[in-house]
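>>> Next input, structure requested:
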Amino acid sequence: VQLQASGGGLVQDGGSLRLSCTTSGRTFSNYAVGWFRRAPGQGREFVAAIGMSGIMTYYADSVKGRFTISSDNAKNTVYLQMNSLKPEDTATYYCAVRLYDPSRLGSAYDYWGQGTQVTVSS
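Residues are numbered from 1 along each chain as shown. Reported below is the predicted structural model:
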């Protein structure tokens, strides 16, 4: 399974970005995609996750109400719409895939993308 994350960039405080995560290669009928981030000098942090059925979604408290995760099964793509961005959202964002239900635990994911950088200036 290959994951391609894209959509990062530089944005001002309060701005918006939309990240995309497209999967290719081996496909699964029931899987979940999670977004995680890592800021410089910090550990990996869960951001959001979705089951590809679109029914189950999880968010970190720090992004709830500002970020929205969604899926387009026909395109094998998961989106992370990020609004009201703050400087503390600055990090490298990674998407990951696991079978079955979404999880907040990074260790539960089997496949990882290469990351896309998000920088929010104050």
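>>> contacting residues for the spatially most central residue of the chain?
When CA atoms, centre = their mean is applied to the chain, the residue found nearest the centroid is residue 35 (2.5 Å). Counting by CB atoms under 8 Å, 6 or more residues apart in numbering, residue 35 makes contact with 19, 21, 46-49, 69, 78, 80, 93-96. For every residue, glycine as well, the C-beta is placed using N, CA and C.
>>> what do you get for residue 119?
Contacts of residue 119 by CB under 8 Å, 6+ apart are 8, 9, 10, 11, 90.
>>> Which strand residues bridge the fourth one?
Meaning residue 11. residue 120 (DSSP bridges).
>>> Count the residues that sit near it.
As a burial measure, residue 11 scores 17 neighbours (other CB atoms under 10 Å).
>>> I'd say it and residue 85 touch.
Yes - if you go by CB atoms under 8 Å, residue 11 and residue 85 touch, sitting 5.7 Å apart.
>>> The closest residue in space to residue 89 that isn't next to it in sequence: what's it in contact with?
Nearest residue to residue 89, sequence neighbours excluded (CB to CB, 6 or more residues apart in numbering): residue 120, at 5.2 Å. The neighbourhood of residue 120, defined by CB under 8 Å, 6+ apart, consists of 11, 12, 13, 15, 85, 86, 87, 88, 89, 90.
>>> Just the buried ones out of these, please.
Neighbour-count burial (16 or more other CB atoms under 10 Å) applied to those gives 11, 85, 89, 90.
>>> What pLDDT is listed against the last one?
Just to be clear, that refers to residue 90. You'll see residue 90 listed with a pLDDT of 98.
>>> In this structure it contacts residue 118, no?
Yes - counting by CB under 8 Å, residue 118 is a contact partner of residue 90 at 6.3 Å.
>>> still on that earlier bit, so in terms of bridging, what pairs with the residue nearest to the centre of the chain?
Beta-bridge partners of residue 35, as defined by DSSP bridges: residue 48, residue 95.
>>> gap between it and residue 69?
7 Å (CB to CB, to the nearest Å).
>>> Same question for residue 10.
Counting by CB to CB - residue 10 and residue 69 are separated by 22 Å.
>>> Many thanks, have a good one.
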